[in-house]
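Visitor: Quick one: sequence plus predicted model below, questions after.
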Amino acid sequence: MTLYPNKIKWLLVLLLCFIFIVMGIFLIGDHDTETLLGLFICVLGGLGILISILTLWPDSSWLKLGPDGIRNKVMFRKFYYRWSDINRFGITTVQHGAGLSKSKTEFVSFWMNHDNQMRSFSECYGKNAEELIGILESYRNRYG
């Protein structure tokens, strides 16, 4: 089974970053503070565009599940984990923001037998965290 990043999500990130760059350009003006802020927003938008394009690039990111284990490719870097080396799966929640803008992001994590260190996937590949864990557990129970 091969899972790919959610294309709609990354296209929305790409669009949002273009909007950031346009806003940054409009902020650049006569005052030094506005110019620095505008340049900063343009740089952030540019980095977001670069990451979005690299994620959307064909065959740059995927998650492959097979009888031998998990193969993960993130922005052209490959990782391999055998089912027998994985101790357990879980959801890691990261909270960010404060007050009314408080939000949280869930990542699927797993712990390795040899060092008990946690590793996390960069995204859920078009599934929510619970669905992805269910798929991973069923493969591990079948082949691990």
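Guide: Nice, I can see it.
Visitor: list the contacts for residue 54?
Guide: Residue 54 makes contacts with 60, 75-76, as judged by CB atoms under 8 Å, 6 or more residues apart in numbering. All C-beta spots, glycine's among them, are computed from the backbone N, C-alpha and C.
Visitor: which of the residues you listed tops the neighbour count?
Guide: Highest neighbour count within those: residue 60, with 16 neighbours (other CB atoms under 10 Å).
Visitor: now that one: how far from residue 110?
Guide: Separation of residue 60 from residue 110 (CB to CB, to the nearest Å): 22 Å.
Visitor: Now do the SS call for residue 104.
Guide: strand (DSSP: H, G, I helix; E, B strand; the rest coil).
Visitor: burial count for it?
Guide: Residues near residue 104, counting by other CB under 10 Å: 9.
Visitor: from memory it sits against residue 95, does it?
Guide: Yes. Between residue 104 and residue 95 a contact is recorded at 4.7 Å, counting by CB atoms under 8 Å.
Visitor: mind giving me a markdown table with the contacts of residue 54 and columns for distance to residue 91 and pLDDT?
Guide: Formatted as a markdown table, those follow (distance: CB to CB, whole Å; pLDDT from 0 to 100):
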| residue | distance to residue 91 | pLDDT |
| --- | --- | --- |
| 60 | 25 | 93 |
| 75 | 23 | 89 |
| 76 | 27 | 90 |
